[in-house]
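In: I would like the atomic coordinates for the input below:
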Amino acid sequence: QVQLVESGGGLVQAGGSLRLSCAASGRAGMTVTMGWFRQTPGKEREFVAGVMWIGGGTYYSDSVKGRFTISRDNAKNTLYLQMNSLKPEDTAVYYCAASSYYTTTVSSRPTAYDYWGHGTQVTVSS
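Out: Predicted structure coming up:
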């Protein structure tokens, strides 16, 4: 089992920045890929960014490419999401996810991840 705890959400004005963190514990060594997803009421969970835990290859959705940066600290078992130039449409609950399934690429499908955090709210005001 892997436990994930997100932090760093909050309220920010459009154009501002936030940094999300996700601390992994338990059998974190099982992790192959990790990612950030977001969800707003009535909509499906949306892939934001992902990273290969070993190797560090990163992948982004087109909606955040160039504004968000995903990174990880393997020694601390922590995943980060630096969000810059935030827009009101970035408002959502952001979830950290981890996958223990063997793969050579990051998946954007929520079903490819077997561990999830409880989420942290990000609100961007206009």
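In: where does the closest residue to Gly35 other than its chain neighbours land on pLDDT?
Out: The spatial neighbour of Gly35 that comes closest, neighbours along the chain excluded (CB to CB, 6 or more residues apart in numbering), is Gly50 at 3.5 Å. Just so you know, the C-beta spots here come from the backbone N, C-alpha and C atoms, and that holds for glycine as well. Gly50 is assigned 97 on the pLDDT scale.
In: contacting residues for Gly50?
Out: Gly50 makes contact with 33-36, 58-59, 70, 106-108, according to CB atoms under 8 Å, 6 or more residues apart in numbering.
In: Show me what the residue nearest the centre of the chain bridges to in the sheet.
Out: Nearest to the mean C-alpha position of the chain, by CA atoms, centre = their mean, lies Trp36 at 1.8 Å. Beta bridges link Trp36 to Ala49, Cys96 when assigned by DSSP bridges.
In: what's the burial count for Ser7?
Out: Neighbours of Ser7 under the rule other CB atoms under 10 Å: 14.
In: can you pull the contacts of it?
Out: Ser7 neighbours (CB under 8 Å, 6+ apart): 20-23, 120.
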